[in-house]
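S.K.: Turn this into a structure:
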Amino acid sequence: MISSFSSKTMRFLSLLVGAILVSEALFAQTDMQLELSPDKVNLALRRTADGLLRLSGDSTSRIPAIEQTGPGVWRVRLERPFRYEQLPGLLQSSLDLFEIKQPYDVAVRRCEDAIIDLGYHQQDFLQTKSVACQGRDLDESCHFIEISFLKQHAKKPFWAGINGLLILILSGVSGFWIFRRQKSVSVPPLADDERLVGIRKFVIDVSGQQLIHGDERQALTFRNQITPSAL
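M.R.: Below you'll find the predicted structure:
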């Protein structure tokens, strides 16, 4: 049978380990795909496609429906040629207009085989206001403009971290209290006429002439018996 001391120790260790795991979970970074509004993405891409065609002198061609091809991935098909260097600024302004803040990659794919002709990461444009291959010729065949929204690294909020710290503190206080109780002297039930004197971890029963340590009692011999007048 597990002793009371071992049982309490195991409970304390379990509580401590649980608190550490909870704290780790609260502080850990997580990859998360923030919820996107399909309607807002649709309108932002449609505005971008319209702007590209108008800047190329085309104000009448039909813009096909925006397609969502996967989680966080949308594309628009342009049958007419456009100037690639105008795409980054126009797309970013459209996303800002509809309050879409998630980071993204852009790929310009050929319609016939989905091969990427050109592309860039959002940070390329935000940091330098230019992108790789800007100014290079893009063939006049049909292309998809594809935008892929990326997962973001997010930390748990500050209050969640505070909760984890509080759990650890409470665990430490509980453990200290448990071990302090283990060190306290356990005194057996006393008779009405017993008189006890404590000396560190030992207790002397003057009436019964016994030395008590924990649950153990040891009778005093006639050589070391103690009288009440000696105390």
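S.K.: Out of the helices and strands in this protein, which is least certain?
M.R.: In the chain, the helix or strand scored least confidently by mean pLDDT, DSSP states H and E is strand 29-32, which has a mean of 52.
S.K.: Can you name the next helix or strand after that one?
M.R.: Helices and strands here follow DSSP states H and E; after strand 29-32, the next one along the chain is helix 38-55.
S.K.: on contacts alone, who are the packing partners of that next one?
M.R.: When contacts are defined as 3 or more C-beta pairs under 8 Å, 6 or more residues apart in numbering; DSSP states H and E, helix 38-55 packs onto strand 73-78, helix 87-97, strand 143-149. (Each C-beta comes from the backbone N, C-alpha and C, glycine too.)
S.K.: May I have the strands that pair with the shortest one, each with its orientation?
M.R.: Spelled out, that is strand 73-78. Strand pairing for strand 73-78, determined by DSSP bridges: strand 67-70 (antiparallel), strand 143-149 (antiparallel).
S.K.: and the angle from it to helix 38-55?
M.R.: 30 degrees (axes from the mean of the first three to the mean of the last three C-alpha atoms, to 10 degrees).
S.K.: Going by neighbour count, which residues of strand 73-78 are buried?
M.R.: The neighbour-count check on strand 73-78 (16 or more other C-beta atoms under 10 Å) flags 73-78 as buried.
S.K.: As PDB, could you dump the C-alpha coordinates of that strand?
M.R.: C-alpha atoms of strand 73-78 as PDB (Å, rounded to 0.1, in the frame of the first residue of the first chain):
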ATOM      1  CA  VAL A  73      -6.300  30.100 -52.600                       C
ATOM      2  CA  TRP A  74      -8.300  32.200 -55.100                       C
ATOM      3  CA  ARG A  75      -7.700  33.100 -58.800                       C
ATOM      4  CA  VAL A  76      -9.000  35.200 -61.600                       C
ATOM      5  CA  ARG A  77      -8.700  34.400 -65.300                       C
ATOM      6  CA  LEU A  78      -7.600  37.100 -67.700                       C
END
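S.K.: which residues touch that strand?
M.R.: Contact with strand 73-78 is made by 41-42, 45-46, 48-49, 52-53, 63-64, 66-69, 109, 111, 142-149, as judged by C-beta atoms under 8 Å, 6 or more residues apart in numbering.
S.K.: about what we covered before: JSON lines for the strands paired with strand 73-78, including mean neighbour count?
M.R.: What follows is the strands paired with strand 73-78, written out as JSON lines (neighbours: other C-beta atoms under 10 Å):
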{"stretch": "strand 67-70", "mean neighbour count": "12"}
{"stretch": "strand 143-149", "mean neighbour count": "22"}
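S.K.: Save those as a markdown table, and put in distance to residue 136 too.
M.R.: Converted to a markdown table, the strands paired with strand 73-78 look like this (distance: least, C-beta to C-beta, whole Å):
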| stretch | distance to residue 136 |
| --- | --- |
| strand 67-70 | 26 |
| strand 143-149 | 14 |
